[in-house]
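Provided below for reference: sequence and predicted model.
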Amino acid sequence: LWARLMLFFGLAVIQPLPTLAWDADLELFDLVEEIPQTFYEFLSVNQDASSSEIRKAYRKLSLTLHPDKNKDENAENQFRQLVAIYEVLKDEERRQRYDDILVNGLPDWRQPVFYYRRVRKMSNGELGFLLFLILTVGHYAVIWSIYLEKQLDELLSRKKREKKKKQSSKMTDEIKSLAQDKNERSDRPHWHDILPLKLSIWLYYSVKSLPHIIQDVKQYYKDYKEMKVKEKEEAEALAEQEMQQKEKRPKVKKPKVEFPVYQPSTNAAFVPVYDQGTSIEDIEDQMDDWLEDKKQQKMKTQEWTEEDLSQLSRCMAKFPGGTPGRWEKIAHELGRSVTESLWIKASAKCIKNKSSEINTFNQQEHIKLIKSDK
């Protein structure tokens, strides 16, 4: 019964689009249930009356039951019933269904249509109450089923243990039985386990704990803000500490690389000194003389003697190619300045060329002497 109620209550809530025949059957059931007498008795005709006889009876009653001509309070309802009866009897198919109802009767509680028709006529409030009632009974039945299933499992497991082990003493058995009775009493469903009371208890405790929940939320929000402020302050303090460390850190000056600077000897330097009374022409003459002396001195420095050349060759052998600072070391050995190292490097090639020319000349002269002796 409950399964049928739940099934057709679900159908009523979902309300699928029924076919026209299904709607016509439901309307016919409702009309038969509404009118206490048969349709033929209402029209005052026989059950095997023809369509023309039914039409004549309908016209005759419509003149008397029409609301414009009948001042009775139920005239409108009677006229509506008359029209509905005529619509059923003038259609052969619907008339045949009505005749079947007269023979077999309306669907009873053993047929699903019975429950669907009842649910279909309910209002929204009645449907809600019915749904709540079904959920309550179903919830309580589920609780009991869980309890009974647990008891059955315990009973089966107990029997298995009894087969394997023998009872040690009666005292232990009594203690176990008392403990099991307490567990059964605690696990057994009670009247306060039904759904309405469960919902009421849950709602009561929810409302009661609402201030504490609000307070906890406020405290959590406050702690969250304090944590954010603290993190911000720590970040600022760390940044400030790093800035102070950078400011306190001593600046290490890199040592400057000192390159050797050529300092000419003071003996060879000539710095002309001019009196304030000298004229421009005298100064120009002195400058010309000073420039000529510098040129002659430069020509003298560029001249190489045989000793210089031999010393240069020894230094080149002493400092072979690939030696770091080779030409600076050679210039130091020769007693010349660093600025002359480039000139020494360039003149080395010329020296090699000159030495090769001298060697070839000596070889040619030696060959000539040998030929003359012959």
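Great, that's in hand. Remember, it's a predicted structure, so these values are computed and weren't measured experimentally.

how many neighbours does residue 190 have?
When neighbours are counted by other C-beta atoms under 10 Å, residue 190 registers 10. (C-beta placed from N, C-alpha, C; glycine too.)

Same check on residue 54?
Residues near residue 54, counting by other C-beta under 10 Å, number 19.

which residue sits closest to it, ignoring its sequence neighbours?
residue 89 (5.1 Å; C-beta to C-beta, 6 or more residues apart in numbering).

OK, contacts around that neighbour?
Neighbouring residues of residue 89 by C-beta atoms under 8 Å, 6 or more residues apart in numbering: 39, 43, 54, 95, 98.

cool, residue 147 as well?
Per C-beta under 8 Å, 6+ apart, neighbours of residue 147: 187-189.

Tell me which helix or strand comes right after the lowest-mean-pLDDT helix or strand in the chain.
Among the helices and strands of the chain, helix 2-14 carries the lowest confidence by mean pLDDT, DSSP states H and E, at a mean of 48. Counting by DSSP states H and E, the element after helix 2-14 in chain order, helix or strand, is helix 20-34.

So which bits of whatever helix or strand comes next after that following helix are buried?
Counting by DSSP H and E, the next helix or strand C-terminal to helix 20-34 is helix 39-43. Under the neighbour-count criterion of 16 or more other C-beta atoms under 10 Å, helix 39-43 has 39-40, 42-43 buried.

if we can go back for a sec, most neighbours among the contacts of residue 147, which one?
residue 189 (17 neighbours).

what about the stretch 151-300 of the chain, any weak spots by pLDDT?
166-186, 248-279, 293-300 (pLDDT under 70).

now the helices: where do they sit in it?
170-187, 195-208, 210-248, 280-302 (DSSP state H, counting those that start in this stretch).

Could you dump the ones you listed into JSON lines with distance to residue 80 added?
Output for the helices of the stretch 151-300 of the chain, formatted as JSON lines (distance: least, C-beta to C-beta, whole Å):
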{"stretch": "helix 170-187", "distance to residue 80": "60"}
{"stretch": "helix 195-208", "distance to residue 80": "42"}
{"stretch": "helix 210-248", "distance to residue 80": "55"}
{"stretch": "helix 280-302", "distance to residue 80": "143"}
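
quick one: which of those helices is nearest residue 26?
Proximity to residue 26, assessed across these by C-beta to C-beta, is greatest for helix 195-208 (32.5 Å).

same for that closest one, what does it pack against?
helix 124-164 (3 or more C-beta pairs under 8 Å, 6 or more residues apart in numbering; DSSP states H and E).

Give me the angle between the helix it packs on and helix 195-208.
Interaxial angle, helix 124-164 versus helix 195-208 (axes from the mean of the first three to the mean of the last three C-alpha atoms, to 10 degrees): 100 degrees.

domain assignment for this protein?
Annotated domains of the chain cover 2-121, 127-159+177-207, 210-239, 303-373 [automatic domain parsing].
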